[in-house]
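> okay, here's the prediction I keep looking at, along with the sequence it came from:
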Amino acid sequence: METEAIKAGFYETPYAKFPKLQIVTIEELFAGKKLSLPWIDPASFKKAAKEHISKQASLF
C-alpha cells in the first residue's frame with residue numbers, strides 16, 4: 001500500500017509539494033495526526049445564493 005501511495009506522486013504548488021495519497025490509520029487520526037494539505041483560500045469560493053422560502057412548495 002505504501003509503495004502505491006509513493007507511486008502516485010506529489011501535488012506541487014508554488015510553495016510546497018504534497019503527497020497525492022496519504023495513508024493514515026484511525027488510531028493516528030484519533031491521536032491528532034493531521035494530513036499534509038495545501039492551504040485553501042476561503043475567498044476563492046463563492047457562496048451560493050439563498051432561496052426564499054416563500055418560493056418553495058410545501059411537502060405536506
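Happy to help now that I have it.
> now the residue nearest the centre of the chain, nearest residue through space, not along the chain?
Nearest to the geometric centre of the chain sits residue 37, at 7.8 Å (CA atoms, centre = their mean). Excluding the flanking residues, the one nearest residue 37 by CB to CB, 6 or more residues apart in numbering is residue 18, at 6.5 Å. The way it works is simple: take the backbone N, C-alpha and C, and place the C-beta from them, glycine included.
> any idea which element that neighbour lies in?
Residue 18 is part of strand 17-19, with elements assigned from DSSP states H and E.
> then the helix or strand following that strand to CSV, C-alphas only?
Per DSSP H and E, the first helix or strand lying C-terminal to strand 17-19 is helix 26-30. Extracted in CSV, the C-alpha atoms of helix 26-30 (Å, rounded to 0.1, in the frame of the first residue of the first chain):
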residue,chain,number,x,y,z
ILE,A,26,-8.0,5.7,12.6
GLU,A,27,-5.7,5.4,15.6
GLU,A,28,-3.4,8.1,14.2
LEU,A,29,-6.4,10.4,13.4
PHE,A,30,-7.7,10.0,17.0
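> and helix 26-30, average pLDDT?
Here helix 26-30 scores 95 as its mean pLDDT.
> for stretch 38-57, same thing?
The average pLDDT for stretch 38-57 rounds to 75.
> run the chain-centre distance for that stretch.
Relative to the chain's own centre, stretch 38-57 is displaced by 18 Å; criterion: CA atoms, centre = their mean, to the nearest Å.
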